[in-house]
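# Output the structure for:
(one chain, ligands or ions: 2)
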Amino acid sequence: MAYRQLSIESIAEYLQGIPEMKKVFSSFNELDIREIGDGNLNYVYLVKNREKPNESVALKQAVPFLRIVGESWPLPKERMTIEIKALLKASEWCPQNVPEIFFYSHEMSLVVMKDLSSHGVLRGQMIEGMYFPKLADHISTYLAQNLFHTSDLFLDHREKKEMVREFINIDLCKITEDFVFTHPYEQNETNVYNPELKESDIKSIQEDSNLKISVAEMKKKFMTEAQALIHGDLHTGSIMASEEETFVIDPEFAFVGPMGFDLGAIIGNLLMSYFSHEYRQPLLGREPYQYRKWLLETIESLWSEFVNKFENLWINHQNSSGDLYWDYDSGVEHFKNQREKYILDLLQDSIGFAACKMMRRILGLAKVADIADITDLKERARIENITLQVGKKMVTERKKFQSISEVIDLAQEFSALK
Ligand code: SR1
Ligand code: MG
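Ligands and ions are numbered 1, 2, ... in the order given. Down below sits the predicted model:
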């Protein structure tokens with residue numbers, strides 16, 4: 001079927017023509033269809049049978065332009081092909097953390113998935129101060145499983161390179177190259193600033209040549225390091241969660257890139273949530289301490305659980321596989337040293353990428369509601385500047401960090417936990 005952009009009016013008829021949908025819907029006569037997409041790129045519809053509300057799906061369709069800007073910004077709708085393949089790949093390694101897919105069409109650039117609306121987008125729920133006790137466990141599993149099994153540590157040389165080719169994602173990588181690693185650090189017409197953010201604060205980033213070199217190094221890594229198949233946009237808006245379950249959605253930015261980009265995205269977003277809750281918790285009628293402490297603990301356990309899980313996968317594979325990534329002449333000790341070096345590099349990469357992901361959300365076009373929706377613009381500017389200054393230290397000094405707890409200490413130096 002040739003591509004056409006679906007609408008609330010045309011979805012029922014479209015779904016009725018798909019045999020797979022007959023397994024979900026007993027009737028197509030009374031479908032309640034709402035557009036619920038809050039992302040920057042695509043349209044997402046929730047489709048529910050009014051008579052039997054547990055018969056429901058989410059339908060996501062890519063349009064041939066960037067939604068946040070409009071039709072004046074063309075963007076190939078074929079990005080959905082990458083998203084579909086990345087969802088299928090992730091479901092090989094941790095089906096419990098990705099939405100079940102009922103149907104997809106590359107021609108229509110759409111995917112029909114399990115309705116996760118009962119879970120809610122993590123960012124929105126965290127803005128409301130909700131706790132997710134299993135988040136660190138689930139996301140560390142998702143990351144360890146996906147990153148290890150799509151890296152050279154696990155894959156055969158041919159399979160890995162074929163995966164690199166299959167996931168070439170030129171246009172969406174270009175968005176990241178521009179909007180994460182370039183425009184926020186220059187005077188660019190796409191940047192958007194809080195009017196209360198001081199010019200000197202903006203200049204402290206955009207006119208610091210040391211910082212710009214560091215960001216350029218991270219950009220180079222992003223563009224050249226084909227380490228594993230990464231999600232490519234793993235912020236808290238790409239996660240749907242309840243207290244019990246966690247689903248990673250929206251991998252349209254997936255490509256074979258540096259692992260630290262995914263780890264950094266989630267760490268950076270949790271840090272921004274931490275900064276924002278200095279202001280938000282009192283608005284919710286609470287002392288900030290408990291929730292912010294939980295956020296810092298989540299960052300710490302997400303990292304340490306990731307390391308444990310990733311290393312265990314590596315050790316088990318090394319012990320059981322005949323086709324090894326590396327032959328360790330001096331045995332166990334040598335292998336341990338290599339793992340430690342690999343993990344330390346990954347930590348420092350993750351810190352550098354987290355920093356870029358934080359600073360771009362303050363200076364660039366696409367914001368995060370945690371901070372950007374703070375209505376008191378002076379307070380917002382204060383928190384924005386904390387984010388910028390922590391980001392600046394993280395990226396320029398990333399190679400000095402030896403542990404995740406040093407990141408937590410840094411966050412508290414700029415925004416005390418009290
Ligand atoms: C200009 S597109 C803005 C952003 O939306 C996505 O979520 C990505 O983070 C992208 O950079
Ligand atoms: Mg997205």
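
# burial of the residue of the chain found nearest ligand 2, as a residue count?
Residue nearest to ligand 2 within the chain: D250 (3.8 Å; Cβ to the ion). In this view, the C-beta of every residue, glycine as well, is placed from N, C-alpha and C. Residues within reach of D250, counting by other Cβ atoms under 10 Å, total 24.

# burial count for the spatially closest residue to it that is not a sequence neighbour?
Residue nearest to D250 in three dimensions, not counting chain neighbours: S238, with 4.5 Å by Cβ to Cβ, 6 or more residues apart in numbering. Residue neighbour count, defined by other Cβ under 10 Å, stands at 24 for S238.

# ok, G129 touching P282?
No: using Cβ atoms under 8 Å, G129 is not in contact with P282, being 10.8 Å away.

# which of the two has more neighbours?
It is G129, of G129 and P282, that has more neighbours when counted by other Cβ under 10 Å, with 18 against 11.

# Model confidence at the more buried one, what's the number?
We note a pLDDT of 98 for G129 in this prediction.

# thinking again about what came up before, could you measure from the residue nearest to D250 over to F414?
According to Cβ to Cβ, to the nearest Å, S238 stands 26 Å off from F414.

# now do A355
For A355, the distance to F414 - Cβ to Cβ - is 13 Å.

# Which of those two has more residues huddled nearby?
A355 (30 against 14).

# tell me the SS of F103?
Assigned with DSSP: H, G, I helix; E, B strand; the rest coil, F103 falls in the strand class.

# Am I right that it is in contact with M21?
Yes: with contact defined as Cβ under 8 Å, F103 reaches M21; the gap is 6.6 Å.

# can you pull the alpha-carbon coordinates of stretch 144-152 into PDB?
Taking Å, rounded to 0.1, in the frame of the first residue of the first chain, the C-alpha atoms of stretch 144-152 are listed here in PDB:
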ATOM      1  CA  ALA A 144      23.200  -4.300  29.400                       C
ATOM      2  CA  GLN A 145      21.300  -6.800  27.300                       C
ATOM      3  CA  ASN A 146      21.000  -4.600  24.200                       C
ATOM      4  CA  LEU A 147      24.400  -3.000  24.300                       C
ATOM      5  CA  PHE A 148      26.300  -6.200  25.000                       C
ATOM      6  CA  HIS A 149      24.500  -8.300  22.500                       C
ATOM      7  CA  THR A 150      24.900  -5.800  19.700                       C
ATOM      8  CA  SER A 151      28.600  -5.100  20.300                       C
ATOM      9  CA  ASP A 152      31.800  -6.800  19.000                       C
END
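
# ranges for the strands of the stretch 101-250 of the chain?
With strands called from DSSP state E, counting those that start in this stretch, the stretch 101-250 of the chain shows them at 101-105, 110-114, 228-230, 239-241, 246-248.

# Quick check: which of these is buried the most?
strand 228-230 (a mean of 27; mean count of other Cβ atoms under 10 Å).

# Name the strands paired with that strand and say parallel or antiparallel.
Strand pairing for strand 228-230, using DSSP bridges, gives strand 255-257 (antiparallel).

# hmm, who's touching the partner strand?
With Cβ atoms under 8 Å, 6 or more residues apart in numbering as the test, strand 255-257 has contacts from 82, 150, 160, 163-164, 167-169, 172-173, 222, 225-230, 232.

# switch the cut-off to 6 Å
Here strand 255-257 makes contact (Cβ atoms under 6 Å, 6 or more residues apart in numbering) with V164, F167, N169, C173, A226, L229, I230, G232.

# shouldn't the first one be in contact with A226?
In other words, V164. Yes: assessed by Cβ atoms under 6 Å, V164 is found in contact with A226 at 5.2 Å.

# Comparing these two, which residue is more hemmed in?
Set V164 next to A226 and count neighbours by other Cβ under 10 Å: A226 wins out with 17 against 14.

# So for the more buried one, what's the pLDDT?
For A226, the predicted pLDDT is 98.

# can you count the residues close to the closest residue to it other than its chain neighbours?
Closest residue to A226 apart from its sequence neighbours, by Cβ to Cβ, 6+ apart: V256 at 4.5 Å. When neighbours are defined as other Cβ under 10 Å, V256 has 22 of them.

# Model confidence at V256, what's the number?
pLDDT, V256: 98.

# Show me which residues of the stretch 1-150 of the chain are close to ligand 2?
Within reach of ligand 2 by Cβ under 5 Å from the ion, the stretch 1-150 of the chain has these residues: G39.

# who's in contact with M113?
By Cβ under 6 Å, 6+ apart, the contact list for M113 reads A58, P99, I101.
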